[in-house]
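1. Pasting the sequence and the predicted model now:
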Amino acid sequence: MTTDEATIATRTAQTLHADAAVATQHATRPWGGWKVLNGGDGFTVRMIEVMPGHRTSLHYHYNRSEHWVVVAGKARIIIGQQRYDMHLMQSVLIPARTIHRIENPYTDTLQIVEIQRGDRLDEDDIVRLEDDYQRLHLAGGIRL
């Protein structure tokens, strides 16, 4: 974890423990969902939840990197051609333009804190390559 990411994580934890107001942005997906915990210039912190037996699309982002920390459950992570099993408090960095996916083949709900860093942090910056829920689309949100 870089010093900047550690600072962001510490500030986020302090905000949550102080019961300060957090952003209400959230989304439900077929695999689970996410909600924004904090954000600022060039970063967003989200809680991602993946339900048992589900997985996100295989995708990449042009304009952002992501740092994931498992905070509940276990994860199977795909990054490029590699597969990793991750446990509580393990983390991984996914550089921009790197193919990745989160899988939860286990019986407990998976929760991951995701720190996004980049110039563009919106939901249109995604290129889905495979998707169990037929949500394939190109960068810029254009659906196939």
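-> Everything's here; your move.
2. Please work out the average pLDDT along stretch 118-130.
-> Stretch 118-130 shows a mean pLDDT of 91.
3. actually stretch 35-43, not the one I wrote
-> Rounded mean pLDDT across stretch 35-43 is 96.
4. Can you report how many residues neighbour the residue lying closest to Tyr84 once chain neighbours are set aside?
-> Excluding the flanking residues, the one nearest Tyr84 by CB to CB, 6 or more residues apart in numbering is Ile77, at 4.7 Å. Every residue, glycine included, has its C-beta placed from N, CA and C. Using other CB atoms under 10 Å, Ile77 has 19 neighbouring residues.
5. Could you verify my assumption that Ile77 touches His87?
-> No - counting by CB atoms under 8 Å, Ile77 does not reach His87; the two are 11.2 Å apart.
6. quick one: which helix or strand includes the residue positioned nearest the centre of the chain?
-> In the chain, the residue lying closest to the centroid (CA atoms, centre = their mean) is Glu114, at 4.5 Å. Assessed by DSSP states H and E, Glu114 sits inside strand 110-118.
7. Equivalent analysis for Gln134, please.
-> Residue-wise, Gln134 maps onto no helix or strand under DSSP H and E.
8. cool, and Asp4?
-> Asp4 belongs to helix 3-17, assigned by DSSP H and E.
9. could you point out which element follows that helix?
-> Criterion used, DSSP H and E; the element after helix 3-17 is strand 26-29.
10. Just the buried positions in that following strand, please.
-> For strand 26-29, the buried set under the neighbour-count rule, 16 or more other CB atoms under 10 Å, comprises Arg29.
11. Stretch 70-85 now?
-> The neighbour-count check on stretch 70-85 (16+ other CB under 10 Å) flags Val70, Gly73, Lys74, Ala75, Arg76, Ile77, Ile78, Ile79 as buried.
12. Quick check: the farthest pair among those?
-> Across the buried residues of stretch 70-85, the longest distance by CB to CB is 18.4 Å; it joins Gly73 and Ile79.
13. which residues in this protein form strands?
-> Per DSSP state E, the chain carries strands over the ranges 26-29, 32-40, 43-50, 54-55, 58-60, 64-72, 75-79, 82-86, 91-94, 100-104, 110-118, 127-130.
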